[in-house]
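S.K.: Give me a 3D structure for the following:
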Amino acid sequence: MASIRKEISTKASVNAVWAALRDIGALHTRLVPGFVVDTRLEPGARIVTFGNGTVVRELIVDVNDETKRVVWSVRSEQLTHHNASAQVLAGEDGQTRVIWIADLLPNEAARVIGPMMEQGMAVMKKTLDAVAEKNAEKDQENRAILSAPLSPHGQHRTWATRVANLACWSGMLMLFSAVQREGWREQAVRFTRRRFWRATPNTN
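M.R.: Numbering: from 1, shown residues only. As a prediction, the model looks like this:
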């Protein structure tokens, strides 16, 4: 039995790579565009059309979020046995590793499938690196926006807003104090009137 192993390292994060790999119906858009030109899902399987015109049916054996590993098996008249897996692992220096392994019979089929896997991994690396670079550019732009100093006009508006808010609060405090003072005055007047009427004898 022939066993083929291919591996790449990419700048993309582990989570980003796994999100693309586990999306089993999006090989042609998220993982290996061009190498695969169409992916159609069926219950428990997918129909994959490669760029060279080859069409195969792949049974989906497992999609494991814990190990970040997808396992599938090709059903083809040219193969008496096929089992493959692709797994995402954390690499060194912030890189992410992707390992693709295929076991197959007859052994002679490796002469065709081996180069196809090599081509597919090259496309995968290019695609994932491009996604990582795009995300890094967005993060850099966001950090630049957040850390950029305000323009003079922006600073003027900021100070104007602060002054307006301060004036508003000051006005409210003055109004509250005036209401309190008027309230005390009104109570004092009422108290004085009550004392006056009590102290004044009834002349009737």
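
S.K.: Check what contacts stretch 1-18 and list those residues.
M.R.: For stretch 1-18, contacts defined as C-beta atoms under 8 Å, 6 or more residues apart in numbering pick out 65, 68, 81, 88-91, 94-107, 109-110, 113-114, 117-118, 120-122, 124-125, 128-129, 131-133, 135-136. Any C-beta I mention is one placed from the backbone N, CA and C, and that applies to glycine too.

S.K.: Now list the buried members of the residues you listed.
M.R.: Buried by 16 or more other C-beta atoms under 10 Å: 68, 88-89, 95-98, 100-104, 109-110, 113-114, 117, 120-121, 124-125, 128, 131-132, out of the contacts of stretch 1-18.

S.K.: before we move on, the earlier item: in strands, which of the contacts of stretch 1-18 appear?
M.R.: 81, 88-90, 96-105 (DSSP state E).

S.K.: could the residues you listed be laid out in TSV, adding distance to I24?
M.R.: Putting the ones in strands among the contacts of stretch 1-18 into TSV (distance: C-beta to C-beta, whole Å) gives the following:
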residue	distance to I24
H81	21
V88	14
L89	19
A90	22
T96	19
R97	20
V98	15
I99	17
W100	14
I101	17
A102	16
D103	20
L104	20
L105	24
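
S.K.: Out of these, the closest to A19 would be?
M.R.: Closest approach between these and A19, by C-beta to C-beta: V88, at 9.5 Å.

S.K.: who's in contact with the closest one?
M.R.: 14, 17-18, 21, 68-69, 96-98.

S.K.: same check, this time on I145
M.R.: For I145, the contact set (C-beta under 8 Å, 6+ apart) is empty.

S.K.: Next, find the distance separating it from E137.
M.R.: I145 sits 13 Å away from E137, taking C-beta to C-beta, to the nearest Å as the criterion.
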